[in-house]
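**Q** What would the 3D arrangement of this be:
(one chain, ligands or ions: 1)
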Amino acid sequence: MNSRQPARKVFNAVRILPLISFWLSCAFLPAAAQSCGAQGVAVQVLGSGGPELQDKRAMSSYLVWESGQARVLIDAGGGSALRFGESGAQMAQLDVILFTHFHVDHSGDFASLIKSSWFEDRKRPLPIYGPPGSGFMPSTTEFASDFFGAKHGVYRYLSELFTPGEEGSYKIQPHIVVASSTPVVMLRTDELVISAVRVLHGAIPSLAWRIEAGGKVIVFSGDTNGEGGGLTRLAMNADLFVAHNAVPEGATGLERRLHMPPSVIGQIAGDAHVKHLVLSHRMLRTLGNENQTQLEISKRYSGPVTFANDLDCFPVK
Ligand SMILES: [Zn+2]
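**A** Numbering: from 1, shown residues only. The predicted structure follows:
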C-alpha cells in the first residue's frame, strides 16, 4: 500500500497542473480578447456583408472604439451579434446605437444584442438614434417598441427596458432623426459629436452618420445610391470613410436606385477629400470584382482603399 501512494500523488499532480495552467490562462482571457482600439480611435467591422448568407459574412454593423471602450454601434445586421461578442465589446460600454435604416441586414440582430445586455451591469440609459418611419417602415421609436413595448412588443417579456418609470434595469431611449442633405449635429457629449444627413436608398428612410471622437472623423455611408450631395458634405475631410460596395459598375434598375456603384463611391471620396476609404457591405455581385472596383474608384479618388472583412480593425490615424 505505502509503496503505491507516492505514485498516486504524482499522478494527481500531473492531472492538476494542466488544470491550473488552463485556469490561469482563462483568468487573463478577457483582456486578450479585445484587441481593437485599445489606444486611440478605431473602427471595427462587425459585419462586412449584405443580406445574402452565402457571402459568408455577417450583415452590416460597425463599432467605433476609443481608448479600449466600444462607444458607438452603427447598425446591427444579422450575424453581427456574434461578431460583437467575438470583438470583446460589451453592451454596457456603448454610449449610443445609430441605425442607418431598418432593413433586416442592418437591424436583424438588435434584439439579440439587447438580450445579451441583460447579463451585464448596465445602469445608464442607452440612446438609440435612427430614421423616421414611412408607410412600410417603422420609425426608430416604433422599431424599439415593436420589439420591447409592454403591450404589443414581440419580446414584451423584456418590456422593463422600454417602459418609462419601471425600475430595475437601464432604459432604451429611442430618438427619431429628421435629417436633410445638410449635416446637422444630432448628439453631442464630452467624448462624441455625431451628425447625420438623409440619404437616398430607394424609398426607405435612411441616414448616413458622421462621428467625431478623439480628434478623428469617421463617416458611414449606410446604404444609398449616392445622389443628393448630402453624403459628400457629411464625409468632407473624414479620416475614415466606410462606404457600401453593394453593386458593381454598370448596375441598373432597382439595384442602382438603391446603391452606389464604385464610380460614385470614388467621386464622393474624391470630392470629400477623405483620407482612407473602406469598402464594406460586400455581396455576391461585388465579391470577385475587386480589381474593377478599385480601377473605377482610382479614376476619381487617389487615397488608400481597403476592402473590409468581418472583425477587421482600422485604427484611425
Ligand atoms: Zn443593406
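**Q** residue boundaries of the strands in the stretch 201-317 of the chain?
**A** Using DSSP state E, counting those that start in this stretch, the strands of the stretch 201-317 of the chain run over 206-213, 216-220, 240-244, 277-280, 305-307, 313-315.
**Q** Out of those strands, which is the most enclosed?
**A** For the strands of the stretch 201-317 of the chain, ranked by mean neighbour count under the definition mean count of other CB atoms under 10 Å, the leader is strand 240-244 at a mean of 28. Yep, even glycine has a C-beta here, placed from its N, CA and C like the rest.
**Q** right, and His106 touches Leu73 too?
**A** No - counting by CB atoms under 8 Å, Leu73 is not a contact partner of His106; they are 11.4 Å apart.
**Q** how about the residues of this structure near the ion?
**A** Asp105, Asp223 (CB under 5 Å from the ion).
**Q** circling back to that earlier point, possible to save the strands of the stretch 201-317 of the chain as TSV with distance to His101 and mean pLDDT?
**A** Below are the strands of the stretch 201-317 of the chain laid out as TSV (distance: least, CB to CB, whole Å; pLDDT from 0 to 100):
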stretch	distance to His101	mean pLDDT
strand 206-213	4	98
strand 216-220	12	98
strand 240-244	11	98
strand 277-280	15	98
strand 305-307	23	98
strand 313-315	23	98
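**Q** so what's the residue nearest to the spatial centre of the chain bridging to?
**A** By CA atoms, centre = their mean, the chain has its centre lying nearest to Tyr62, at 2.1 Å. Taking DSSP bridges, one obtains Val45, Ile74 as the residues bridged to Tyr62.
**Q** and it, what is it in contact with?
**A** Applying CB atoms under 8 Å, 6 or more residues apart in numbering, we find Tyr62 in contact with Val43, Gln44, Val45, Leu46, Gly47, Leu73, Ile74, Asp75, Phe220, Val242, Ser280.
**Q** ok, the second one - contacts?
**A** Spelled out, that is Gln44. Neighbouring residues of Gln44 by CB under 8 Å, 6+ apart: Cys36, Gly37, Tyr62, Leu63, Trp65, Ala70, Ser87, Ala89, Leu311, Asp312, Cys313, Phe314.
**Q** swap in Ala272?
**A** Shown in contact with Ala272 (CB under 8 Å, 6+ apart): Thr232, Arg233, Ala235, Met236, Asn237, Ala238, Phe241.
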